[in-house]
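S.K.: Okay, here's the prediction I keep looking at, along with the sequence it came from:
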Amino acid sequence: MSKFFTTIREKIGSASSLRRQLLYGGIGNGLIQAGNRLVGLFFAVVLARTIGTEGYGTYAYAMAILTLLMIPGEFGTPNLLVREIAAGEARQEWSNIRGIIIRFLQIVFAVSIFLATIAATLIFVFGSNLPETLRNTLFLMLILLPIMTLSQTMLSAMRGFQHVVKSQAVGLLLRPLLVLIVVALLFALIPDMRSPQQVMIIQIFIGILLGGYTIYLLYRYMPPPIRTVAATYKTRQWIGSAIPFILLSSAFIINSQADILMLGMFQPVEDVGMYRVATQGASLVAFGLHAVNSVVAPQFAKMYAKNEIARLQRLVTTSARIVLLIATPFALVFIFAGEPLISLIFGAEFAPAYAPLKVLTYGQLFNTAMGSVGFLLTMSGHEKIALKTMLITATLNVILNFIFIPLYGTTGAAIATTITLIFWNIILYFEVKNRIGILSTAFSFLKSEATR
């Protein structure tokens, strides 16, 4: 038996080997992503069955606006910090790493406060026609904005240091799990407090609590030299590098949130809640892609920086196949048994969510099959190409939503989102192939003939 385990350890590699890091990291992040989707599903069920379609729609709409505001609030830090810290650690540029973490925490805080102030003023001046519940929920959401952006910045720094599992565990599992527990207990014990405003207040409380914990984690797990070295600041250079990431993230969020935001413009808030149920389900199809991307993104940056294109191709192909293998069972269940499943879990009033769920599932299945095209470009310094493509597809997404939502409601929003997602993946596939020399899909059996 001991010989068997020795053989397994030899196959996996040493504790510092890339194979072992990717295997353990992939398993850990896969479990976290699965847990995140499961907690999100339970949370959606709790809200759907306690505050109904209107209350859930109000909360979902406020969170969609929060997601949109977090992009300028984060100031491009998530992907930029991962790339710069991973590359800086490989070159042992400790003072630069310390400087970029401090500077971007300062920038993110200032920008988030500014955005929250402007948004609150606009709601106060022009939001008199909004329902009182929605208006109050939006005000509370703005308090959450700087809390979330600062936490995400610190967690991104941890990912750059390759503590991916720990950072993901806090941001994707611990936070939503605590929110779920507190909301479920509060709503069970005090039924009169069931409202989207109360959910947002709980989000603020948990956000502050975990923000302090994240500060501790970042300090604990950063390499010791960074704690004592004098910081070097290249603010102008970093801001210049951050701008493409800001625009890229903005376009990405427009692509991912335009459907919900524009549904709120054209349709009743109940339809927003209905559509949110559909997006919750479709996200399960792509959870493997997000889990794997979090692990391999720093490795993409390191391998490309070292010109290890052959190793990079093997990593990309393997990760894409794993992602597609994870996605397929979810897709089949949602396509063929989605309607009774929704009625069983969320209640019969949410059964119309099946039509958009089916459409979104097709799009996410295609998305997973195409591999990590976006991360391959951004982690190799080609973020401007990804930005250009994302801006084009974001514009297309808005136009398609304007066309399809008035015609087909929630299903129209799903059609617009799916068309945009397919178009974006196809364009970036060819950009990755031509500029990096990598074939990104799960079906890339041949080695890339392109050169760097």
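M.R.: In hand now; what should we look at?
S.K.: Helices of the stretch 101-250 of the chain, start to end?
M.R.: In the stretch 101-250 of the chain, the helices defined using DSSP state H, counting those that start in this stretch lie at 132-160, 164-168, 175-189, 196-221, 224-228, 235-266.
S.K.: Can you name every helix or strand that the fourth one contacts?
M.R.: Helices and strands touching helix 196-221, by 3 or more Cβ pairs under 8 Å, 6 or more residues apart in numbering; DSSP states H and E, are helix 18-74, helix 132-160, helix 164-168, helix 175-189. (C-beta placed from N, C-alpha, C; glycine too.)
S.K.: and stretch 66-82, how far out from the chain's middle?
M.R.: Computed by Cα atoms, centre = their mean, to the nearest Å, the chain-centroid distance of stretch 66-82 equals 11 Å.
S.K.: on that earlier part again, in TSV, list the helices and strands packed on helix 196-221 along with mean pLDDT.
M.R.: Output for the helices and strands packed on helix 196-221, formatted as TSV (pLDDT from 0 to 100):
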stretch	mean pLDDT
helix 18-74	80
helix 132-160	93
helix 164-168	82
helix 175-189	94
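S.K.: For those, give me a markdown table that also has distance to residue 340.
M.R.: Formatted as a markdown table, the helices and strands packed on helix 196-221 follow (distance: least, Cβ to Cβ, whole Å):
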| stretch | distance to residue 340 |
| --- | --- |
| helix 18-74 | 15 |
| helix 132-160 | 31 |
| helix 164-168 | 33 |
| helix 175-189 | 25 |
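S.K.: In space, what's closest to residue 67 - neighbours in sequence excluded?
M.R.: Spatially, and ignoring its direct neighbours in sequence, residue 67 is nearest to residue 257 (5.5 Å; Cβ to Cβ, 6 or more residues apart in numbering).
S.K.: residues near the one you found, how many?
M.R.: Residues near residue 257, counting by other Cβ atoms under 10 Å, number 20.
S.K.: Confirm for me that it is in contact with residue 64.
M.R.: Yes. Contact criterion Cβ atoms under 8 Å: residue 257 and residue 64 qualify, at 4.9 Å.
S.K.: sorry, back to before: most tightly surrounded among the helices of the stretch 101-250 of the chain?
M.R.: Of these, the one with the most neighbours on average (mean count of other Cβ atoms under 10 Å) is helix 164-168, at a mean of 24.
S.K.: what packs against that helix?
M.R.: Using 3+ Cβ pairs under 8 Å, 6+ apart: helix 164-168 touches helix 18-74, helix 132-160, helix 196-221, helix 287-305.
S.K.: what about 6 Å?
M.R.: Helices and strands touching helix 164-168, by 3 or more Cβ pairs under 6 Å, 6 or more residues apart in numbering; DSSP states H and E, are helix 18-74, helix 132-160, helix 287-305.
S.K.: Of those helices, which stretch is the most buried?
M.R.: The highest mean neighbour count among those, using mean count of other Cβ under 10 Å, belongs to helix 287-305: a mean of 23.
S.K.: elements contacting that helix?
M.R.: Packing contacts for helix 287-305, counted by 3+ Cβ pairs under 6 Å, 6+ apart, involve helix 18-74, helix 77-90, helix 164-168, helix 309-346.
S.K.: redo that, cut-off 10 Å
M.R.: Applying 3 or more Cβ pairs under 10 Å, 6 or more residues apart in numbering; DSSP states H and E, one finds that helix 287-305 makes contact with helix 18-74, helix 77-90, helix 132-160, helix 164-168, helix 309-346, helix 354-369, helix 373-378.
S.K.: now these in a markdown table, with distance to residue 441?
M.R.: Below are these laid out as a markdown table (distance: least, Cβ to Cβ, whole Å):
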| stretch | distance to residue 441 |
| --- | --- |
| helix 18-74 | 19 |
| helix 77-90 | 22 |
| helix 132-160 | 25 |
| helix 164-168 | 23 |
| helix 309-346 | 6 |
| helix 354-369 | 6 |
| helix 373-378 | 9 |
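S.K.: now for the ones you listed, which one comes closest to residue 242?
M.R.: Residue 242 lies closest to helix 77-90 among these, at 5.3 Å (Cβ to Cβ).
S.K.: Could the C-alpha coordinates of that closest one be exported in CSV?
M.R.: In CSV, the C-alpha atoms belonging to helix 77-90 read as follows (Å, rounded to 0.1, in the frame of the first residue of the first chain):
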residue,chain,number,x,y,z
THR,A,77,-7.0,46.0,-10.4
PRO,A,78,-8.1,42.4,-10.4
ASN,A,79,-6.4,41.1,-13.6
LEU,A,80,-3.6,43.8,-13.5
LEU,A,81,-2.6,42.8,-10.0
VAL,A,82,-2.6,39.1,-10.8
ARG,A,83,-0.4,39.7,-13.8
GLU,A,84,2.0,42.2,-12.3
ILE,A,85,2.4,40.4,-9.0
ALA,A,86,2.9,37.0,-10.6
ALA,A,87,5.5,38.4,-13.0
GLY,A,88,7.1,40.6,-10.3
GLU,A,89,7.4,37.6,-7.9
ALA,A,90,9.2,35.6,-10.7
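S.K.: Flag every buried residue along it.
M.R.: Residues 77-89 are the ones in helix 77-90 that count as buried (16 or more other Cβ atoms under 10 Å).
S.K.: Tell me what angle that helix forms with helix 18-74.
M.R.: With axes from the mean of the first three to the mean of the last three Cα atoms, to 10 degrees defining the directions, helix 77-90 sits at 140 degrees from helix 18-74.
S.K.: To residue 279, which of the helices and strands packed on helix 164-168 lies closest?
M.R.: Ranking the helices and strands packed on helix 164-168 by proximity to residue 279 (Cβ to Cβ) places helix 18-74 first, at 8.8 Å.
S.K.: Verify the stated contact: residue 102 with residue 233.
M.R.: Yes. Counting by Cβ atoms under 10 Å, residue 102 touches residue 233, with 7.9 Å between them.
S.K.: what sits against residue 206?
M.R.: 144, 147, 174-183 (Cβ atoms under 10 Å, 6 or more residues apart in numbering).
S.K.: With distance to residue 326 as added columns, please give the residues you listed in JSON lines.
M.R.: Listed next are the contacts of residue 206 as JSON lines, based on distance: Cβ to Cβ, whole Å:
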{"residue": "144", "distance to residue 326": "31"}
{"residue": "147", "distance to residue 326": "32"}
{"residue": "174", "distance to residue 326": "22"}
{"residue": "175", "distance to residue 326": "23"}
{"residue": "176", "distance to residue 326": "20"}
{"residue": "177", "distance to residue 326": "21"}
{"residue": "178", "distance to residue 326": "26"}
{"residue": "179", "distance to residue 326": "25"}
{"residue": "180", "distance to residue 326": "23"}
{"residue": "181", "distance to residue 326": "27"}
{"residue": "182", "distance to residue 326": "30"}
{"residue": "183", "distance to residue 326": "28"}
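S.K.: Would you tell me which one of those residues comes nearest to residue 288?
M.R.: The closest of these to residue 288 turns out to be residue 176 (Cβ to Cβ; 18.2 Å).
S.K.: Skip the chain neighbours and tell me the closest residue to the closest one.
M.R.: Nearest residue to residue 176, sequence neighbours excluded (Cβ to Cβ, 6+ apart): residue 39, at 4.7 Å.
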